[in-house]
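**Student:** give the three-dimensional model of this entry:
(one chain, ligands or ions: 2)
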Amino acid sequence: MPANRILVTGGAGFLGSHLCDCLVAAGAEVICLDNFFTGSKRNVAHLLGNPRFELLRHDLVQPVMLETDQIYNLACPASPVHYQFNPVKTVKTNVMGTINMLGLAKRVRARILQASTSEVYGDPKQHPQSESYWGHVNPIGVRSCYDEGKRVAETLMMDYHRQNGVDIRIARIFNTYGPRMAVNDGRVVSNFIVQALCNQPITIYGDGSQTRSFCYVSDLIEGLWRLMNTEGLTGPVNLGNPAEFTIRELAELVVELTGSRSRIVTRPLPQDDPVQRQPDITLAREKLGWTPSVPLRDGLAPTIEYFKRRLAEEAGPG
Ligand code: NAD
Ligand code: UDP
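**Tutor:** Ligands and ions are numbered 1, 2, ... in the order given. A predicted model of the protein is given here:
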């Protein structure tokens, strides 16, 4: 039977709202669950009148009972600024929230996909990072609530699979950007674009030589969908765009594409900031037939247009 009832936790967030769009368009009945910590109703407002879409305000730390065929577990703040705002809550969301979703998956026999992260590799000593690398994570630092929270979530997924036969998928998502990131999200792409559009200084943390690999949202959503709907892939799968950039290169590209008058300034590097990050996507290529298609320059253009609209809305008429 095709999966028709699909639960998306964190569905009002950046990635979750795009996933809801994709699933509704494919004909599924979607329940979007969110506590609106970093997500917003605005991201799914266009879906509210659709009879196949339901919005549920709920905190994943509390159990929830409903019927579903598939669960995409995305609920968790993803920006360091927001996941460090209440680190204990971040751990609870990753641990108790994931237990609640795995318990639900077990009860209703749903397939569950966990949104994991490249952060499970920490400050990686292997480059690029493949799924077999165990990572280099500080267990007691300011990023640990997220990194270790996601690592425990992966552990829980594997243990519910081994112990209870739950049908699981684990996506290790690398830095993804695009429209519907919040203006105050705090991650690098949104910060740089908002700063550039406001002609404010562009804040590079450290000397800007650290690297990240940026994936456009439409590519990532396609990868999540393929992973969920491919048989026999229980272990983690990297999803990201292998094109790697220094943070200074990103700043310069954003200045060029926005035509901004902003200066580039430096600020202290946050604790435990990873030096380099690039996904090895061989597994996703071979097993999912998936490869990202949107280069950074092409993905930044619609993202910049989105932030222009958001900033104009916030400024109000006149
Ligand atoms: P986001 O902050 O925009 O979305 C997270 C959503 O989860 C928000 O709507 C938020 O309100 C909701 N949420 C948080 N805590 C919750 C709770 N306790 N109960 C219910 N809802 C809760 O972030 P995003 O970029 O869309 O990330 C989505 C998922 O993907 C996260 O799990 C994140 O860790 C993972 N991820 C994202 C990236 C990326 O680059 N975007 C990279 C790696 C992993
Ligand atoms: N960063 C930056 N300026 C900002 C925000 C972030 O230089 O205004 C840097 C940050 O220190 C990190 C990189 O950009 O090296 C990516 O940061 P982000 O918070 O987007 O994601 P993560 O560190 O979780 O990959």
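**Student:** what does the chain put close to ligand 2?
**Tutor:** 79-80, 175, 187-188, 191, 203-205, 210, 212, 247, 270, 273 (CB under 6 Å from any ligand atom). Using the backbone N, CA and C atoms, a C-beta is placed for each residue, glycine as well.
**Student:** what is the end-to-end distance of stretch 73-86?
**Tutor:** 20 Å (CA to CA, to the nearest Å).
**Student:** is ligand 1 contacted by that stretch?
**Tutor:** Yes - using CB under 6 Å from any ligand atom, we find that stretch 73-86 touches ligand 1 at L74, A75, C76, P77, A78.
**Student:** would you convert the residues of the chain next to ligand 2 into TSV that also reports pLDDT and neighbour count?
**Tutor:** As requested, the residues of the chain next to ligand 2 are exported to TSV (pLDDT from 0 to 100; neighbours: other CB atoms under 10 Å):
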residue	pLDDT	neighbour count
S79	97	20
P80	97	18
N175	98	21
R187	98	19
V188	98	23
N191	98	23
T203	98	15
I204	98	22
Y205	98	15
Q210	98	19
R212	98	22
I247	98	19
P270	97	14
D273	97	14
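**Student:** in JSON lines: these, plus distance to Q129.
**Tutor:** Listed next are the residues of the chain next to ligand 2 as JSON lines, based on distance: CB to CB, whole Å:
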{"residue": "S79", "distance to Q129": "20"}
{"residue": "P80", "distance to Q129": "19"}
{"residue": "N175", "distance to Q129": "12"}
{"residue": "R187", "distance to Q129": "19"}
{"residue": "V188", "distance to Q129": "18"}
{"residue": "N191", "distance to Q129": "24"}
{"residue": "T203", "distance to Q129": "26"}
{"residue": "I204", "distance to Q129": "23"}
{"residue": "Y205", "distance to Q129": "21"}
{"residue": "Q210", "distance to Q129": "15"}
{"residue": "R212", "distance to Q129": "12"}
{"residue": "I247", "distance to Q129": "18"}
{"residue": "P270", "distance to Q129": "20"}
{"residue": "D273", "distance to Q129": "16"}
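**Student:** which among the residues you listed gets closest to S144?
**Tutor:** Each of those was checked against S144 using CB to CB; the closest is P80, at 11.6 Å.
**Student:** any idea how far that closest one lies from P128?
**Tutor:** 22 Å (CB to CB, to the nearest Å).
**Student:** same question, E231
**Tutor:** Applying CB to CB to E231 and P128 gives a distance of 27 Å.
**Student:** quick one, which of these two is more surrounded?
**Tutor:** P128 (20 against 6; other CB atoms under 10 Å).
**Student:** I'd say the more buried one and N241 touch.
**Tutor:** No - taking CB atoms under 8 Å as the definition, P128 is not a contact partner of N241, at 11.5 Å.
**Student:** now for these two: what residues contact both?
**Tutor:** Taking CB atoms under 8 Å, 6 or more residues apart in numbering as the criterion, P128 and N241 both touch P279.
**Student:** tell me which of the residues of the chain next to ligand 2 fall in strands.
**Tutor:** Judged by DSSP state E, strands contain the following of these: T203, I204, Y205, R212.
**Student:** just the element for the spatially closest residue to the second one that is not a sequence neighbour, please.
**Tutor:** For I204, the nearest residue in space outside its immediate sequence neighbours is T266; the separation is 5.1 Å by CB to CB, 6 or more residues apart in numbering. When secondary structure is defined using DSSP states H and E, the element that contains T266 is strand 264-267.
**Student:** mind checking the pLDDT average for the next helix or strand after that strand?
**Tutor:** Sequence order places helix 282-283 as the next helix or strand after strand 264-267, per DSSP H and E. The pLDDT scores in helix 282-283 average 98.
**Student:** closest one of the ones in strands among the residues of the chain next to ligand 2 to ligand 2?
**Tutor:** Y205 (3.5 Å; CB to the nearest ligand atom).
**Student:** briefly note if stretch 111-124 comes near ligand 1.
**Tutor:** Yes - applying CB under 6 Å from any ligand atom, one finds stretch 111-124 in contact with ligand 1 at A115, T117.
**Student:** show me which residues of this structure sit near ligand 1.
**Tutor:** 9-10, 12-16, 34-39, 59-61, 74-78, 93, 97, 115, 117, 173, 175-176.
**Student:** list buried residues within these.
**Tutor:** 9-10, 12-16, 34-35, 37-39, 59-61, 74-78, 93, 97, 115, 117, 173, 175-176 (16 or more other CB atoms under 10 Å).
**Student:** quick one: low-confidence parts of the chain?
**Tutor:** 1-3, 318 (pLDDT under 70).
**Student:** what do you get if the cut-off is 90, keeping everything else the same?
**Tutor:** 1-3, 315-318 (pLDDT under 90).
**Student:** and stretch 268-282, end to end?
**Tutor:** 35 Å.
**Student:** same check, this time on stretch 202-213
**Tutor:** First-to-last residue span, stretch 202-213, CA to CA: 19 Å.
**Student:** from the chain's centre, how far out does it sit?
**Tutor:** Offset of stretch 202-213 from its chain centre (CA atoms, centre = their mean, to the nearest Å): 20 Å.
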